[in-house]
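Trainee: no letters, just coordinates:
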């Protein structure tokens, strides 16, 4: 096809299947998310979008399938070889820096974030409501701080390396607070912020884990049009800074406005995959969204082929 | 007045010991919502380890008391922490995703295991330690009644204050403390931010056990005798203190410990020794009727 996401994928989902007892929530799903692109995962309610997210972030162990993340660009063929060797080896990841490849389905949640550098947010807000805004962002930098503090011992003894790391972490948090315009609320409890601010704080917190891939589950849910527009600007700026984004979204204005690539699910299967323009015109997508009866659907599909 | 003052000093000393143990209950409850019933026995193990280390150090010929105490403190904290870590690793972590009562039952099991292990390994008789820290100050004297502030009491209260300050700072200022509070609020989200939840929980047990071992050492120095059963009643008292202060709240545990210590001491002094436990538990019941989440606890808001 020659699409940009096929040429340089950051996330490659292959034959993902997730069964819960007799129910197949995701059925043999394959798609890729391109590096430095915004990929949207859309579909009617119950299509299995959140299940895909839960598999990607280690919350569920997929029944079948491979979920691989590649940090560097690298050569596609060599990357495929490395991935094949990794799959055979039974290990979770291989290589360092640009060469690193990760198999997410083998990793526990904290390693998905800490090693594969995939971060996520949820449909509902899950800030640490009782902690301050700044503490929320610092918690996301826990691992580098723990290492710098010699696992707290250095922190208690007051080693300079710990203070340096702490200062860096606070500076990094401050930059993010500036981007989401919350610097003056840094010491307030996160639960006291207005809803829209909490949403953006969640994204900032996820970004403080320094991810290469950011997975957002309905980030625009409950936002008013102005907040929604702010969100679009924020997501574009995150992409332009080099991260890749995978998002689930119902708000079509958000999806069509910012996505580079859209994957459409229905009943756990992929029904369409392409640019926003191509997906918008796809009769299968229109049928799924408008709920055309099966006969009409077949007619509609037949008409285009 | 003099009598009152003396009881106040005694009560604060006893309350410090309860407070140190109560912190272990409250931290573990805070992070995984479980009552670690083996914690009282970790305190008892800490007291035994302290005794053994004392005897070993004295046998080595180190007689300068401040050095001896420091060595015993550090070694007992390290060894007891390992016990706390092991108990969590063996009895609680495998049941983390199980139903809520399962770890509670293994906790009671661990408590019995520890008691019996010490009983078999060390014998059932009480173990004495000759007084190591003696002396004190006579604060005032009237009509032949002397108010004494002994050195051991000063040591206990000072150590408690210092340790509680250090641990409060760890919780509020360090990255580990932030991770603990994050796990307390939302374990899944903490994991998704890269926090190693299992390790954070283990470290919570380690911190609790370290404080319990200090309480064990203080108990040993204060009373001079220990046996394999001291963990039970001290554990229940400290648990009461944690609930009284508001379980999950660190300052609450300290306050609760102090209050339980004072009630017990004053009741014994002015009414009857036999009913001191009844008094302590009655106060608990009364406080919980009017303040169900304890003195400093946050009321739990039902999520709909």
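Mentor: Nice, thanks for sending it over. On a predicted model such as this, the values are computed, not experimentally measured, just so you know.

Trainee: next, the contact list for residue 268, please.
Mentor: You didn't say which chain, so I picked chain A. By Cβ atoms under 8 Å, 6 or more residues apart in numbering or on different chains, the contact set of residue A:268 is A:18, A:24-27, A:29, A:47-48, A:51. Just so you know, the C-beta spots here come from the backbone N, C-alpha and C atoms, and that holds for glycine as well.

Trainee: oops, wrong one, chain B.
Mentor: Under the criterion of Cβ under 8 Å, 6+ apart, the neighbours of residue B:268 are residue B:276.

Trainee: I'd assumed it was in a helix, is it?
Mentor: Yes. Assignment of residue B:268 by DSSP: H, G, I helix; E, B strand; the rest coil places it within a helix.

Trainee: all strands for chain B, in order.
Mentor: In chain B, strands defined by DSSP state E lie at B:127-128, B:136-142, B:145-150, B:225-226, listed in chain order.

Trainee: tell me which parts of the stretch 101-250 of chain A are close to chain B?
Mentor: Proximity of the stretch 101-250 of chain A to chain B, by Cβ under 8 Å from any Cβ of the partner chain, involves residues A:108-110, A:112-114, A:119-120, A:122, A:126, A:128-131, A:135, A:138-140, A:142-143, A:145-146, A:149, A:151-152, A:155-156, A:205-206, A:209.

Trainee: what residue ranges in chain B are flagged as low confidence?
Mentor: By pLDDT under 70, the low-scoring segments of chain B are B:299-304.

Trainee: residues contacting the residue in the stretch 201-305 of chain A that chain B sits nearest to?
Mentor: Of all residues in the stretch 201-305 of chain A, residue A:209 sits closest to chain B, at 5.4 Å by Cβ to the nearest Cβ. The neighbours of residue A:209, taking Cβ under 8 Å, 6+ apart as the test, are A:113-114, A:117, A:119, A:140-141, B:193-194.

Trainee: the residues you listed in helices, which ones?
Mentor: Counting by DSSP state H, those place A:113-114 in helices.

Trainee: flag every residue of chain B that's near chain A.
Mentor: Within chain B, the positions lying close to chain A (Cβ under 8 Å from any Cβ) are B:166, B:169-170, B:173-176, B:178-179, B:181-182, B:185-186, B:188-197, B:203.

Trainee: who wins for neighbours among the contacts of residue A:268?
Mentor: Neighbour counts for the contacts of residue A:268 peak at residue A:26, which has 27 neighbours (criterion: other Cβ atoms under 10 Å in any protein chain shown).

Trainee: how much space separates that residue from residue B:208?
Mentor: Residue A:26 sits at a distance of 42 Å from residue B:208 (criterion: Cβ to Cβ, to the nearest Å).

Trainee: ditto for residue A:212
Mentor: 38 Å.

Trainee: show me which of the two is the more surrounded one.
Mentor: residue B:208 (29 against 21).

Trainee: find the nearest non-adjacent residue to that one, please.
Mentor: Spatial nearest neighbour of residue B:208, chain neighbours left out: residue B:24 (3.0 Å); criterion: Cβ to Cβ, 6 or more residues apart in numbering or on different chains.

Trainee: do you have the helices of chain B handy? List them.
Mentor: Secondary structure of chain B by DSSP H: the helices cover B:2-32, B:39-59, B:65-87, B:101-122, B:151-173, B:175-185, B:187-192, B:197-223, B:230-245, B:250-270, B:276-290.

Trainee: now do the SS call for residue A:128.
Mentor: Following three-state DSSP, residue A:128 is assigned to coil.

Trainee: quick one on the thing from earlier: of the residues of chain B next to chain A, buried ones?
Mentor: By neighbour count, with 16 or more other Cβ atoms under 10 Å in any protein chain shown, these hold B:170, B:174-176, B:178-179, B:181-182, B:185-186, B:189-197, B:203 as buried.

Trainee: hang on, the earlier thing: going through the residues of the stretch 101-250 of chain A next to chain B, which ones are buried?
Mentor: A:108-110, A:112-114, A:119-120, A:122, A:126, A:128, A:131, A:135, A:138-140, A:142-143, A:145-146, A:149, A:152, A:155-156, A:205-206, A:209.

Trainee: just these: which are in strands?
Mentor: When DSSP E is applied, these are split such that A:119-120 fall in strands.

Trainee: which residues touch residue A:43?
Mentor: Counting by Cβ under 8 Å, 6+ apart, residue A:43 makes contact with A:49, A:264-266, A:271, A:288.

Trainee: so can I have a markdown table of these showing pLDDT and secondary structure?
Mentor: Shown next, in a markdown table, are the contacts of residue A:43 (pLDDT from 0 to 100; DSSP: H, G, I helix; E, B strand; the rest coil):
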| residue | pLDDT | secondary structure |
| --- | --- | --- |
| A:49 | 89 | helix |
| A:264 | 90 | strand |
| A:265 | 89 | strand |
| A:266 | 89 | strand |
| A:271 | 89 | strand |
| A:288 | 80 | helix |
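
Trainee: format these as a markdown table; extra columns: distance to chain B.
Mentor: Shown next, in a markdown table, are the contacts of residue A:43 (distance: Cβ to the nearest Cβ, whole Å):
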| residue | distance to chain B |
| --- | --- |
| A:49 | 17 |
| A:264 | 26 |
| A:265 | 22 |
| A:266 | 27 |
| A:271 | 29 |
| A:288 | 30 |
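
Trainee: which among the residues you listed end up buried?
Mentor: Neighbour-count burial within these applies to A:49, A:264-266, A:271, A:288; the criterion is 16+ other Cβ under 10 Å.

Trainee: now distance to residue B:133 too, for those residues, in a markdown table please.
Mentor: Conversion of the buried ones among the contacts of residue A:43 to a markdown table gives the following (distance: Cβ to Cβ, whole Å):
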| residue | distance to residue B:133 |
| --- | --- |
| A:49 | 67 |
| A:264 | 76 |
| A:265 | 72 |
| A:266 | 76 |
| A:271 | 79 |
| A:288 | 79 |
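
Trainee: returning to what we had before: okay, the helices of chain B in CSV with distance to residue A:177 next?
Mentor: Below are these laid out as CSV (distance: least, Cβ to Cβ, whole Å):
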stretch, distance to residue A:177
helix B:2-32, 28
helix B:39-59, 40
helix B:65-87, 37
helix B:101-122, 39
helix B:151-173, 20
helix B:175-185, 17
helix B:187-192, 19
helix B:197-223, 25
helix B:230-245, 35
helix B:250-270, 28
helix B:276-290, 41
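
Trainee: out of these, which gets nearest to residue A:227?
Mentor: Across the helices of chain B, the minimum distance to residue A:227, taken as Cβ to Cβ, is reached by helix B:187-192, at 21.9 Å.

Trainee: report all helices and strands that the closest one contacts.
Mentor: helix A:109-114, helix B:175-185, helix B:197-223 (3 or more Cβ pairs under 8 Å, 6 or more residues apart in numbering or on different chains; DSSP states H and E).

Trainee: and that helix, how far from the chain's centre?
Mentor: Taking Cα atoms, centre = their mean, to the nearest Å, the mean C-alpha location of helix B:187-192 is offset from the chain mean by 29 Å.
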